[in-house]
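>>> Whatever this is, show me its structure:
(one chain, ligands or ions: 1)
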Amino acid sequence: MRRAVMTGLGTYVPERILSNHDLERMVDTNDEWIVSRTGIRERRMARNDEATSDMAVHAAERALDDAGLSADDLDFILMATNTPDTVFPSTAARLQARLSERPIAGVDLQAGCTGWVYGLAMAASMIEAGVYRRILVVASDKLSSITDYEDRSTAVLFGDGAGAVVLEAMEDSPYGILSSYLNADGRGADLLALPAGGSRWPASKDTVDSRLHFLKMSGNEVFRFAVKAMPDAVEQGLARAGLTVQDIDLLIPHQANQRIIEAAMRHFDLPSSKVIQNIERYGNTSVASIPLAMDEARQEGRLQNGSLMVLAAFGAGLTWGSVVARWGGCQ
Ligand code: COA
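Okay, the predicted model is just below:
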C-alpha cells in the first residue's frame, strides 16, 4: 500500500516580536484581557519588505534540508495561504522560482486557517493515487498585512509565520498520513473575510477609506462555530482511520484561541501532555500554526518516531478538517 510520509519539516517565524504591552500603546486593550480571553502574550511580525513567499522560502529550504533533498527532487508545490504575495499569479509559482531553476508544477490553495490540513490531505491523495512521488506542502501567511491595527477585536489575535513538509511516496510504510477529513460551509463566508480587493469589490478610494482591505471578523460567531468544528474534525478524522481518541499520542490543533483548544481537551478528556499549545508566543498564525506547533513538539521530544498525531483546524470559509498521521520516516 502506498502512503504519503512526512520526510522533512521546516518552519520560519520573523524576528520582530509584538507583545501585548506593545499593543496597549496602539489600541484600547490590555495584557490581562488578551491573555485571559485568548492565551496570547506575543506574536511575530514580518518586516515591511518581507512577503508571504519570503517566509515560505525559509520554511521550504529547512524542510528540504530535513528530508535530505533539493527542490529539484520535487514533483509538485502545494502552497496554502490567505495572504498571497499578489492576487495572481500564485505564490507557489514565485516560491518555485526562488527554490529551483527547474520548472516544478505548483498551485495555491485557499481554505482559511484550515489550509495546512487541506494541503496535506490533497497532497496525500495525489501521492496515494500514484500521480506524484514528492510534494512540498507549504503554509505561509502574513496576516499582519491584512490586520487592522485600529480594531482591537482583531489586532490582538494574529501573527506571521510559515511551515513546510516534504511528503514522499513510500510502499508499506508504518508512517505517514493515515486519513483525512475536510469540510466547508460557505453560509458562514462573511463571518471572517477580507471584504475588498477582489472582483466583488475592487480596490477604490472608497474601499481604502472604509478600511475594507483589512480582515473583518464576527468573533463570537466564529468562536461558537470553532468549539463544534474542532471536535467534529478530530472525530471524523479518527473514524476514517479506524481509530479512537484513546489512540492519540498528540493532538496538534490550530492555535486560534486557548479557550477553543481547552474546550476540545475537555470534550475528549485529553490531558495537556497530549495537546500541543504554543499560541502564547505566536498568536494565530493561520495556516502556519499547526506546522509551527509540530516543529516545537518535535524539538521538545514530544513528537517522536511512531507518535500518532491528529492535526485539526478550522477557519474562514467556513472550513474545518483534520489529518491523522503517524510521525516517522525523517532521516
Ligand atoms: N481588548 C479589550 N477589550 C476588548 C478587546 C480587546 N482587544 N476586544 C474586544 N474587547 C471587548 C469588547 O468590546 C466587549 O466589550 P463590551 O462587553 O463592552 O461590548 C468585550 O471585550 C467582550 O467582547 P467579546 O467579543 O464578547 O469577547 P470574547 O470573549 O468573545 O473574545 C475573541 C473575543 C475574538 C477573542 C473570541 O470571540 C474569539 O477568539 N473568537 C474566535 C476567533 C477566531 O478563532 N478567529 C480565527 C479563526 S481561524
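>>> going forward, measure contacts and count neighbours with C-alpha atoms only.
OK.
>>> residue ranges with poor pLDDT in the stretch 101-250 of the chain?
Under the criterion pLDDT under 70, no range of the stretch 101-250 of the chain is flagged.
>>> need the contact list for residue 207.
For residue 207, the contact set (CA atoms under 8 Å, 6 or more residues apart in numbering) comprises 196, 201, 213.
>>> residues near the last one, how many?
Using other CA atoms under 10 Å as the criterion, residue 213 is surrounded by 22 other residues.
>>> Now it. Nearest residue, chain neighbours left out?
In this structure, residue 213 finds its nearest non-sequential neighbour in residue 196, 5.3 Å apart by CA to CA, 6 or more residues apart in numbering.
>>> again, but for residue 287
Leaving aside its sequence neighbours, residue 287 sits nearest to residue 113 (CA to CA, 6+ apart; 4.7 Å).
>>> That neighbour: what's it in contact with?
254, 286, 287, 313, 314, 315, 316, 319.
>>> Wasn't the third one part of a helix?
Meaning residue 287. Yes - judged by DSSP: H, G, I helix; E, B strand; the rest coil, residue 287 forms part of a helix.
>>> Number of residues surrounding it?
36.
>>> State whether it and residue 115 are indeed in contact, as I suppose.
Yes - with contact defined as CA atoms under 8 Å, residue 287 reaches residue 115; the gap is 5.4 Å.
>>> Please, where are all the strands along the stretch 51-200 of the chain?
76-80, 105-109, 134-142, 160-171, 176-184, 192-193 (DSSP state E, counting those that start in this stretch).
>>> what about the ones you listed, which gets the closest to the ligand?
Nearest to the ligand among those is strand 192-193 (7.4 Å), distances taken as CA to the nearest ligand atom.
>>> List the buried residues for the helix or strand that that closest one is followed by?
Going down the chain from strand 192-193, the next helix or strand is helix 205-209, by DSSP states H and E. By 16 or more other CA atoms under 10 Å, the buried positions in helix 205-209 come out as residue 207.
>>> tell me which parts of the protein are close to the ligand?
29-30, 33, 37-38, 113, 152-153, 156, 219-220, 222-223, 256-257, 314-315 (CA under 6 Å from any ligand atom).
>>> Now a PyMOL select for only the buried ones of those residues.
To isolate the buried ones among the residues of the chain next to the ligand in PyMOL, judged by 16+ other CA under 10 Å, type:
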select buried, resi 29+30+38+113+152+153+156+222+256+257+314+315
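>>> Could you tell me which of the residues of the chain next to the ligand belong to strands?
In strands, judged by DSSP state E, the following of those are found: 314, 315.
>>> and the strand or helix carrying residue 8, average pLDDT?
Residue 8 is part of strand 2-12, with elements assigned from DSSP H and E. Here strand 2-12 scores 97 as its mean pLDDT.
>>> Assign residue 243 to helix, strand or coil.
Strictly by three-state DSSP, residue 243 counts as coil.
>>> distance of it from the ligand?
26 Å (CA to the nearest ligand atom, to the nearest Å).
>>> just residue 305 next, same as before
29 Å.
>>> check contacts around that residue.
Per CA under 8 Å, 6+ apart, neighbours of residue 305: 326, 327, 328, 329.
>>> quick one: buried residues of the helix or strand harbouring residue 225?
For residue 225, the element it lies in under DSSP H and E is helix 219-240. Using 16+ other CA under 10 Å as the test for burial, helix 219-240 gives 222, 225-227, 229-239.
>>> Are there helices or strands packed against that helix, and which ones?
On a contact count with 3 or more CA pairs under 8 Å, 6 or more residues apart in numbering; DSSP states H and E, helix 219-240 meets strand 176-184, helix 258-268, strand 308-315, strand 319-326.
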